[in-house]
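Participant: Any chance you can model this:
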Amino acid sequence: MHTDVVILAAGQGSRMKSALPKVMHPLAGKPMLQHVIDSAAKLNQAALHVVVGHGAELVRKQLEQQPVTISLQAEQLGTGHAVAQALPACQLDGVVLILYGDVPLIQVSTLQALLQQAQQGHLGLLTVELLDPTGYGRIVRNAVKDVVAIVEHKDANEDQRQIREVNTGIMAVPSQLLNSWLPQLSSENAQGEYYLTDIIAMAAEEGIRISAIRPTTEQEVQGVNNRQQLAELERWYQLQQAKILMAEGVTLYDPSRIDIRGDLSVGQDVVIDVNCVFEGHVVLADGVVIGPNCVIKNTTLGVGTRIEAHSVLDEAIVGSHAVIGPFARIRPGTQLADHTKIGNFVETKKAIIGEGSKVNHLSYIGDAVIGTEANVGAGTITCNYDGVNKFTTQIGDGAFIGSNTSLVAPVCVGDNATVAAGSTITKDIPNGQLGVARGQQKIVTHWKRPTKRQS
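Facilitator: Residues are numbered from 1 along each chain as shown. Reported below is the predicted structural model:
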């Protein structure tokens, strides 16, 4: 059966105290709204609709490359009014699933369970029991425990406010029923809004079964209204990711100090120290060790590779048994072969470095191709940019680059060639030859060292 997923994302989120629309605030590295869209996209035969309002242009920009239909709620007149804006784009012979852009961690399995109820002609309602239900709509049941209504907190009497089972707002409704109920909504309530929840009483009056199900965890349906709630949900989410990693055999020195902002694929016997951040798509092969305070983004690390403390890797491919850091910066386009070594305070960019080669200290290697078993000394830089264009430096197999060398590209240092320390190389050096390019040293005799003036 066809499913229309309507995601409500029009609210201002004033308690966030931000110019950014609430649903655009990131959790685990991507907007809350994107989490909801990604979950909904996994449902079979589902068309996605997003209702925007506050900050509509920013939200539209986020969604412009995604297969969603956008509806505008120009005035925020309640959830029922918001759903009505998307309803004309929905099919009449299917099911409408209603989600919220600020409830980011809803699980696909929960949505599937809701849809199964609506596909049978029932109204599928997601509820949760809270220790402190303040602010939530209460689930009202009759003497035989059937759901008969939802009463918003501001409209609830004292007895109803004692109810701990509350509405999450997430529901699945047969399309024809929703089309008949929405026009009947009234704004005569404490908020002066059209409550979507009023359709529960309509369903009960018409004898439509209301099938209430519950999520696996409370956090799955936790909405975000302020930055404290966002931070709490972030930490809970990250702890779940840490548990998954440990179940796969990863050693985490502190499961509460890891952030995964994308997807992290791991092999066996991976070790991750504290305060590491993984962004985008990261692959850690068997035996990889990550030191503390590292940031790794869209990078693949081979078997047995070790990343020392305080290193940053971005869009790199690293072979097996390499050692990087501490305090290394590996920028996009870097490819490091097996058994390479990138040491402290070394930066690479668009550098292809061959097996067994080393750049150990205080160097910049950009737009360069380095062969196997080469050794680049401390303070070496490839001068790859003339202010307009970039040029390539080539260093051959077994070459030795002395400390404090400037290689002015385009230039080629041949196989087994040597560059003397302190040289500025502007011409190619043939295989096996020594290149020296530095000023002649002079000794000044009878020179007197300056002394401090007497005051």
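
Participant: where do the strands sit along the stretch 101-250 of the chain?
Facilitator: 123-129, 138-141, 147-151, 165-174, 210-213 (DSSP state E, counting those that start in this stretch).

Participant: Enumerate every residue touching Glu234.
Facilitator: Glu234 makes contact with 27-28 under the criterion C-beta atoms under 8 Å, 6 or more residues apart in numbering. (Each C-beta comes from the backbone N, C-alpha and C, glycine too.)

Participant: Flag the shaky bits of the stretch 301-450 of the chain, pLDDT-wise.
Facilitator: The stretch 301-450 of the chain contains no residues with pLDDT under 70.

Participant: show me the contacts for Glu218.
Facilitator: Contact analysis of Glu218 by C-beta under 8 Å, 6+ apart lists 128, 130.

Participant: do you know how far it is from Gly287?
Facilitator: 38 Å (C-beta to C-beta, to the nearest Å).

Participant: just Glu355 next, same as before
Facilitator: Distance from Glu355 to Gly287, by C-beta to C-beta: 18 Å.

Participant: longest single helix anywhere in the protein?
Facilitator: In the chain, taking DSSP state H as the definition, the longest helix is helix 227-247.

Participant: And the helix or strand following that one, what does it pack against?
Facilitator: Next helix or strand after helix 227-247 toward the C-terminus (DSSP states H and E): strand 251-252. Here strand 251-252 touches helix 227-247, strand 271-272, going by 3 or more C-beta pairs under 8 Å, 6 or more residues apart in numbering; DSSP states H and E.

Participant: Identify all contacting residues around strand 251-252.
Facilitator: Against strand 251-252 from outside (C-beta under 8 Å, 6+ apart): 242, 245-246, 258, 269-272.

Participant: Direction included, what does it pair against?
Facilitator: Partners of strand 251-252 in the sheet, by DSSP bridges, are strand 271-272 (parallel).

Participant: Show me what counts as buried in the longest helix of the chain.
Facilitator: By neighbour count on 16 or more other C-beta atoms under 10 Å, the buried set for helix 227-247 is 230, 233-234, 237-238, 241-242, 245.

Participant: Over to stretch 185-200?
Facilitator: Buried, per 16+ other C-beta under 10 Å, within stretch 185-200: 185, 193-200.

Participant: and that stretch, how far apart are its ends?
Facilitator: 11 Å (C-alpha to C-alpha, to the nearest Å).

Participant: now stretch 23-40
Facilitator: 16 Å.

Participant: Tell me how far it lies from the chain's centre.
Facilitator: 9 Å (C-alpha atoms, centre = their mean, to the nearest Å).

Participant: ditto for stretch 270-286
Facilitator: 14 Å.

Participant: For it, output the C-alpha coordinates as PDB.
Facilitator: Written as PDB, here are the backbone C-alpha positions of stretch 270-286 (Å, rounded to 0.1, in the frame of the first residue of the first chain):
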ATOM      1  CA  VAL A 270      40.600  -1.600  16.700                       C
ATOM      2  CA  VAL A 271      41.600   0.700  19.600                       C
ATOM      3  CA  ILE A 272      40.200   4.200  20.000                       C
ATOM      4  CA  ASP A 273      41.500   6.600  22.700                       C
ATOM      5  CA  VAL A 274      39.500   9.400  24.200                       C
ATOM      6  CA  ASN A 275      38.000  12.500  22.500                       C
ATOM      7  CA  CYS A 276      38.100  11.300  18.900                       C
ATOM      8  CA  VAL A 277      35.700  12.600  16.300                       C
ATOM      9  CA  PHE A 278      34.700  10.600  13.100                       C
ATOM     10  CA  GLU A 279      32.900  12.500  10.400                       C
ATOM     11  CA  GLY A 280      31.500  11.300   7.100                       C
ATOM     12  CA  HIS A 281      32.500   7.800   5.900                       C
ATOM     13  CA  VAL A 282      35.400   6.400   7.800                       C
ATOM     14  CA  VAL A 283      36.900   2.900   7.500                       C
ATOM     15  CA  LEU A 284      39.200   1.400  10.100                       C
ATOM     16  CA  ALA A 285      40.800  -1.900   9.200                       C
ATOM     17  CA  ASP A 286      41.900  -4.600  11.600                       C
END
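
Participant: in it, what counts as buried?
Facilitator: For stretch 270-286, using 16+ other C-beta under 10 Å, the buried residues are 270, 272-279, 282-285.

Participant: Roughly how far does Ser18 sit from Thr305?
Facilitator: Ser18 is 39 Å from Thr305, by C-beta to C-beta.

Participant: just to revisit the earlier point, format the buried residues of stretch 185-200 as JSON lines; extra columns: distance to Asp415.
Facilitator: Formatted as JSON lines, the buried residues of stretch 185-200 follow (distance: C-beta to C-beta, whole Å):
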{"residue": "Leu185", "distance to Asp415": "79"}
{"residue": "Glu193", "distance to Asp415": "76"}
{"residue": "Tyr194", "distance to Asp415": "77"}
{"residue": "Tyr195", "distance to Asp415": "77"}
{"residue": "Leu196", "distance to Asp415": "73"}
{"residue": "Thr197", "distance to Asp415": "76"}
{"residue": "Asp198", "distance to Asp415": "80"}
{"residue": "Ile199", "distance to Asp415": "77"}
{"residue": "Ile200", "distance to Asp415": "78"}
